[in-house]
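Engineer: Sharing a model prediction with you, sequence too.
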Amino acid sequence: MRTTRYLTDGPCRSLKPVKELLCSGQCEPSHLLPNSIGRGKWWRQNALDFRCIPAHTRTQRVLMACPHQETRTYKFRAATSCKCKRYTRYHNQSELKDFGKESARPQKNKKPHLSRARSAKSNQHELENAY
């Protein structure tokens, strides 16, 4: 949704209204719309929740009018495009939120990997035995 509004920063206000793109609220990706060819079962109880969020932003500069005929430049980030992002109930669980270092989630088990120094030495032995 596009809006036009004046920006304020303390007692200062933008000289001209600013046109901006608002990315907020719920949305539905096109593949889940009722007329979509390959649509999924969008009516399920455990259906996912989709939110509209900014996809790309850019910094804009605006002239601000302040008291006593002062003007200054104000910088702000404006969305240039929006995207539909999937959220589930899982995203809202409080144990997933980072409240400090002590609440860090445990790492998943990963394969141990050799350091580069060790792997370089093993390659060197193979080269010594080569013709």
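Structural biologist: That came through fine.
Engineer: Pro67 touches Pro11, doesn't it?
Structural biologist: Yes - using C-beta atoms under 8 Å, Pro67 makes contact with Pro11 at a distance of 5.4 Å. All C-beta spots, glycine's among them, are computed from the backbone N, C-alpha and C.
Engineer: neighbour count winner among these two?
Structural biologist: Pro11 (11 against 8; other C-beta atoms under 10 Å).
Engineer: Spit out the contact partners of the more buried one.
Structural biologist: Residues in contact with Pro11 (C-beta atoms under 8 Å, 6 or more residues apart in numbering) are Cys66, Pro67.
Engineer: Make 136 the first number, not 1, from now on.
Structural biologist: Sure, I'll start counting at 136 from here, so that last one is Pro146.
Engineer: mind checking pLDDT for it?
Structural biologist: For Pro146, the model assigns a pLDDT of 94.
Engineer: Show me where the chain has its helices.
Structural biologist: Using DSSP state H, the helices of the chain run over 251-263.
Engineer: could you pull out the strands for it?
Structural biologist: Residue ranges of the strands in the chain, as given by DSSP state E, are 137-140, 143-144, 147-149, 153-156, 184-201, 205-222.
Engineer: could I get those as JSON lines with distance to Pro164?
Structural biologist: Output for the strands of the chain, formatted as JSON lines (distance: least, C-beta to C-beta, whole Å):
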{"stretch": "strand 137-140", "distance to Pro164": "21"}
{"stretch": "strand 143-144", "distance to Pro164": "35"}
{"stretch": "strand 147-149", "distance to Pro164": "35"}
{"stretch": "strand 153-156", "distance to Pro164": "18"}
{"stretch": "strand 184-201", "distance to Pro164": "6"}
{"stretch": "strand 205-222", "distance to Pro164": "5"}
